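K.L.:
sequence first, then the predicted structure, then my questions.
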Amino acid sequence: MPYIILSSCILTALLIVRISLGSLNSIPKLDAGYAGTVGNQQVNADAYDWANYENQTLYVIAGGIGRSGKGKIAAQEAINTIVRMFEITGATKNPAFFFRQALHSANQAILKRITDSTAGASVLCAVVKEGFLYYASVGNCRISVYRHGELIPLSEGHTIDVLAKNAFRKGQISRMEALAALKEKRLYSFVGHDGFQDVEIYDVPVSLKRGDSIVMMTDGVYEFFSAGQMEKILQTRKNSAQKACQVMEELENNNHPEQGNASLIISQVNRI
């Protein structure tokens, strides 16, 4: 759907300008771009935003869960809550603490807005601070770093198949039980429900290098676009905005009957 892609690319230009503000160097530290598509759905329930605080940059992306537009409301409520908190304090000296507080606040904000608990959101937050990448997620959005031609996954997600893999590694379930669960992609944790607890947080922050790209995506991207396809686009000399839009264009051209909402943020590190 070219209109959706065009709109996303226009928003990308705003993203690049905002991240560049305040820099005395004409080359921004982070060349970031966003693109998204509604896919074969009636409503685009994905949302995204960004924010700066002193020398820190926050990216947030969310995939809404719920019918009749409620998923979109939940995703946007989560994004707004996290961005507002970041703009006041940044990620503080303890990004992991900030992420937990922000995601729990987002959970409560959704429950207050949608009182019947019929909607929620997968949310992925990333902060770039002093040359390091910190991230946290709940649900099934994913983050990777592209370096030296390879897309390196960082997060796993909160789906039943991932839960089964981890349980098998710990010896908690049998191999047969794990294999039976591998096709189950249903979420077991997301913001917007009373039972929300699990947050996937970085073990060690990623030391970024010049030329790295941070790639954040909702499930509508990685379920229909392989790592190899992504790597071919990321290795080109296009800017991040153009790369993100090319991914969406190829998703649209694939015209997969099950293609859902898809959103993607790419941020290339130009300077450390």
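P.N.:
Thanks, I have it.
K.L.:
for stretch 106-123, which positions count as buried?
P.N.:
Of the residues in stretch 106-123, Ala106, Asn107, Ala109, Ile110, Leu111, Arg113, Ile114, Ala119, Gly120, Ala121, Ser122, Val123 count as buried by neighbour count, 16 or more other CB atoms under 10 Å. C-beta here means a position set from N, CA and C on the backbone, and glycine is covered the same way.
K.L.:
residues contacting that stretch, please?
P.N.:
47, 60-67, 70-71, 73-75, 77-82, 103, 137-141, 158, 187, 190-194, 196, 218-219 (CB atoms under 8 Å, 6 or more residues apart in numbering).
K.L.:
start and end of that stretch, how far apart?
P.N.:
9 Å (CA to CA, to the nearest Å).
K.L.:
cool, and stretch 130-149?
P.N.:
Stretch 130-149 end-to-end distance (CA to CA) = 24 Å.
K.L.:
one more: stretch 214-228?
P.N.:
End-to-end distance of stretch 214-228 (CA to CA): 16 Å.
K.L.:
how far is it from where the chain is centred?
P.N.:
10 Å (CA atoms, centre = their mean, to the nearest Å).
K.L.:
once you drop chain neighbours, what's closest to Phe87?
P.N.:
Just to correct that, residue 87 is Glu rather than Phe. Using CB to CB, 6 or more residues apart in numbering and skipping the chain neighbours, the partner closest in space to Glu87 is Ala51 (5.2 Å).
K.L.:
now name the helix or strand holding that neighbour.
P.N.:
Mapping Ala51 onto the secondary structure by DSSP states H and E places it in strand 46-53.
K.L.:
what is that strand packed up against?
P.N.:
If you count contacts as 3 or more CB pairs under 8 Å, 6 or more residues apart in numbering; DSSP states H and E, strand 46-53 packs onto helix 2-20, strand 30-37, strand 56-65, helix 70-89, strand 262-269.
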